[in-house]
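Engineer: here is a sequence with its predicted model. Questions after.
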Amino acid sequence: MSDSISLKPELKTFVVYAPDRTEEGTLARRYEVRPSHLAGVTPLIEAGIIKVGGMLIDPDFVPTEGQPPKAVGSVLMIKAESLSEVRKLIESDIYYTANVWDSEKLVILPFISATPFP
């Protein structure tokens, strides 16, 4: 039996609600930086840090052929040791640094799931 036991800190689940800013040009900016956003989150998804993530759509949006959805924000489920770790991750995302997400309305909360993650 080993004298030292390696205990990894237990990862907690956090939900992130990141509404988009509402001023003119935000939607265009979102789609402009989206490739960089997706490139940045792909390793986090592959590592199991981001469990669920996606775009929130304006409920009044009526899709037409060739028109991208009218996004109004994002929701993510993130596994991390602490809320501050999640905040640091979110604040380094291009949607945050390019002023797509509204930093004043950002919500990060611990989450206890009643159902399994997909």
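Structural biologist: Thanks, I have the structure now. Quick caveat, the model's predicted, so the values are computed rather than measured.
Engineer: what's the longest helix seen in the chain packed up against?
Structural biologist: In the chain, with assignment by DSSP state H, the single longest helix is helix 26-46. In this structure, helix 26-46 makes packing contacts with strand 50-57, helix 94-97, judged by 3 or more C-beta pairs under 8 Å, 6 or more residues apart in numbering; DSSP states H and E. Yep, even glycine has a C-beta here, placed from its N, CA and C like the rest.
Engineer: which other helices and strands does the helix or strand that the shortest one is followed by contact?
Structural biologist: Which is helix 94-97. Next helix or strand after helix 94-97 toward the C-terminus (DSSP states H and E): strand 107-110. Here strand 107-110 touches strand 12-19, helix 83-91, going by 3+ C-beta pairs under 8 Å, 6+ apart.
Engineer: and stretch 26-46, what's its mean pLDDT?
Structural biologist: Averaging pLDDT along stretch 26-46 gives 97.
Engineer: how about stretch 87-103?
Structural biologist: Rounded mean pLDDT across stretch 87-103 is 98.
Engineer: would you indicate which residues of that stretch are buried?
Structural biologist: 87, 89, 90, 93, 94, 95, 96, 100, 101, 102 (16 or more other C-beta atoms under 10 Å).
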